[in-house]
Structure formats: structure tokens, C-alpha cells
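Participant: What follows is a protein structure lacking sequence information:
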């Protein structure tokens, strides 16, 4: 039986969808608030830190690639990357194959900030999983990854 047919016939416990949505929303907002507070002095707001990390992992990426990968509106990505450029964390180079596209790269200042961002993210992760053991953490990631339909990496 394929997953569509299974999902159409399976009964979920009452309030499951609402509770799942609340938990995911709470975690997302919790991380956003946590990171915003810590990165405010760097001039960051919103998803700027996630964009910076994506560029670090994928040097030369484009704004379109970031928008598609992160499920963020293209206009939002354009505003955030412009701000990161103004703050001196990234620079653009015109793509030689498509002059309409700009490839994005971190500056030295941007590369120096990456470990700081990663440490803040690790702090948040340790805080929200403080009541879980290693097996529960592994199960949680496995289940959430399975729910997204992506393969675990």
C-alpha cells in the first residue's frame, strides 16, 4: 500500500495534528528568539544566520538556491543577503555562465562568525534536549526526518 492510501485510511488520535503543529511551531519560535537575542549585536535578524550557514556550506550558491533549499520567499532572501553584504559578512560575484545570477561567498568576517553561530545553535539544542537521553535524541531526529520524507544523512 502506498503512503497516500495509508494516510487516507489511518486514524490519528484526537488533537494529534494540533499538538504536533503546536510543538513544531513552539520549537521554531524558541530557536528564532534564542538566536535573535544572541546575534542582535552582530546586526542579525530573522533567518540571516541560516543564510550565512548555507553559504558557508555551499560557497558560490545563489539567492534562488537559498530560497528553494530553505523554503523562504525570494524577496526575503534578497533583503537578508543585501543586509549581510552591507554588514560585511558576504560578497557577490557575477556568475560567468549566467550574468543575471550572483554567486554568494563569505568574507573573512563571515567565516569568523560561523563558529559563534554554531555554538549558539548547540547551546539551544542542549537546552531543549536537557531532559532527553542520547537514545531519545536519536529517535527524535529519526522520526522527524522520516516525517519530512528526506533520507537521514
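Facilitator: Thanks, I have it. Keep in mind it's a predicted model, so treat the numbers as computed, not measured.

Participant: Which single helix of the chain contains the most residues?
Facilitator: The longest helix of the chain (DSSP state H) is helix 16-39.

Participant: List phi and psi for the residue lying closest to residue 65 once chain neighbours are set aside.
Facilitator: Leaving aside its chain neighbours, residue 65 sits nearest to residue 58 (7.1 Å; criterion: C-beta to C-beta, 6 or more residues apart in numbering). C-beta coordinates here come from the backbone N, C-alpha and C atoms, glycine included. Dihedral angles of residue 58 (phi, psi; degrees, to the nearest 10) stand at phi -130, psi 70.

Participant: Tell me the pLDDT of residue 58.
Facilitator: Residue 58 is assigned 97 on the pLDDT scale.

Participant: ok, back up a step: so what does the longest helix of the chain touch, helix or strand wise?
Facilitator: Applying 3 or more C-beta pairs under 8 Å, 6 or more residues apart in numbering; DSSP states H and E, we find helix 16-39 packed against helix 48-57, helix 108-128.

Participant: hmm, back to that, what number of residues lie near the residue nearest to residue 65?
Facilitator: 14 (other C-beta atoms under 10 Å).

Participant: quick one: terminal-to-terminal distance for stretch 99-113?
Facilitator: Its start and end residues considered, stretch 99-113 measures 29 Å (C-alpha to C-alpha, to the nearest Å).

Participant: Distance of the one residue sitting closest to the centre of the chain relative to residue 101?
Facilitator: Computing the C-alpha centroid of the chain and ranking residues by C-alpha atoms, centre = their mean puts residue 50 first, at 5.0 Å. Distance of residue 50 to residue 101, computed by C-beta to C-beta, to the nearest Å: 21 Å.

Participant: Could you do residue 88 as well?
Facilitator: Separation of residue 88 from residue 101 (C-beta to C-beta): 22 Å.

Participant: Between the two, which is the more surrounded one?
Facilitator: Higher neighbour count among residue 88 and residue 101: residue 101, with 16 against 12, using other C-beta under 10 Å.

Participant: Now the more buried one: closest residue in space, sequence neighbours ignored.
Facilitator: residue 95 (4.1 Å).

Participant: Can you list the low-confidence ranges for this protein?
Facilitator: For the chain, residues meeting the criterion pLDDT under 70 lie at 1-8, 151-153.

Participant: Show residues contacting stretch 130-139.
Facilitator: Surrounding stretch 130-139, the residues in contact under the criterion C-beta atoms under 8 Å, 6 or more residues apart in numbering are 129, 140.
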